[in-house]
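Q: after the sequence you'll find the predicted model.
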Amino acid sequence: MSTIAFIGLGNMGGPMAANLVKAGHKVVGVDVTQAAIERHVAAGGVAGGSIAEAVAEADVVVTMLPSGREVNALYLGENGIVPKVKAGALLIDSSTIDVDTARAVAKVAAGKGLAMLDAPVSGGTGGATAGTLTFMCGGEDATFARAKPYLDAMGKTIVHAGGPGNGQAAKICNNMILGITMIATSEAFVLAEKLGLDAQQLFDIASKSSGQSWSLTTYCPVPGPVPTSPANRGYQPGFTAAMMLKDLKLAQDAARSAGAVTPMGAEAASLYGLYAAQGEAGTDFSGIVNFLRGR
């Protein structure tokens, strides 16, 4: 079994690290909050000191951080991962960040002889706890093959999307689709209400017709048709509006950088920005149906 340094033990990182512990690895955890460290130790992990100390003896380093700024600083800072990690270590960044930063950090790591994979996830906190996450991975073939056993301990679907940065590209493109389709699905249910069409009737028809989508059949934004959707528990978050807004903004940044035209993605980002600004940033992103109702 390997020694793994896991940096970032929040709502996603904590359960992911716990699953690596369950797989038999020694997992040295580092986080800015003491409560997260205590939860990690209670799950069988080891409390790390500084980042430099944690990575110095690690065979693998996994990071789960808020943004590209933190990833760049953590990996490339004077006392960060790349300068302090032992030779030959495997680096896995599961943060959701901008493609340009992911590629830039991977390039520096490669220049130091380090194998690095960007591996953002989909599946929310439930998937992190259950070990059923989807990992979208960018990196060299050999790096992906080396990382896969560790990702298998944390996820169910592990996909190699191509070279460095392509994991991030896949994540933001997927979530742009999700953000747009959730708004379209919500608009349809709001229109149905105004027209006197019962929500269950619309669901029964659309779920078996050309309007079918994951946003409809798995995460239906209105109570009733899909009992497991957040709509049936007051829109308590599985994936918050703030997280969706972050990903939509990343998609727009990438579109500008690549010269791509994404008008629907831009509109979705604008609408989620307005929704989050009304105090709903911590609500599930499917709750945007209430914003569209004018509530």
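A: Cool, got the structure.
Q: and for the nearest residue to Gly287 once chain neighbours are set aside, the neighbour number?
A: Spatial nearest neighbour of Gly287, chain neighbours left out: Tyr235 (3.7 Å); criterion: CB to CB, 6 or more residues apart in numbering. The way it works is simple: take the backbone N, C-alpha and C, and place the C-beta from them, glycine included. Number of residues near Tyr235 (other CB atoms under 10 Å) recorded here: 23.
Q: I'd say Tyr235 and Asp284 touch.
A: Yes: when contacts are counted by CB atoms under 8 Å, Tyr235 is listed as touching Asp284 (4.4 Å).
Q: distance of the residue nearest to Gly287 relative to Gly123?
A: As defined by CB to CB, to the nearest Å, Tyr235 lies at a distance of 19 Å from Gly123.
Q: hmm, back to that, and the residue nearest to Gly287, what does it touch?
A: 283-284, 286-287, 290 (CB atoms under 8 Å, 6 or more residues apart in numbering).
Q: one more time with 7 Å
A: Tyr235 makes contact with 283-284, 286-287 under the criterion CB atoms under 7 Å, 6 or more residues apart in numbering.
Q: also Ile97?
A: Here Ile97 is in contact with 67-68, 71, 168 (CB under 7 Å, 6+ apart).
Q: got it, and Gln212?
A: Gln212 neighbours (CB under 7 Å, 6+ apart): Ala206.
Q: can you tell me how far it is from Met244?
A: Applying CB to CB to Gln212 and Met244 gives a distance of 21 Å.
Q: which parts of the chain are strands?
A: 3-7, 26-30, 46-47, 60-63, 90-93, 115-118, 121-122, 133-138, 155-162 (DSSP state E).
Q: adding distance to Gly179, write the ones you listed out as a markdown table.
A: Shown next, in a markdown table, are the strands of the chain (distance: least, CB to CB, whole Å):
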| stretch | distance to Gly179 |
| --- | --- |
| strand 3-7 | 28 |
| strand 26-30 | 32 |
| strand 46-47 | 37 |
| strand 60-63 | 25 |
| strand 90-93 | 23 |
| strand 115-118 | 21 |
| strand 121-122 | 13 |
| strand 133-138 | 16 |
| strand 155-162 | 19 |
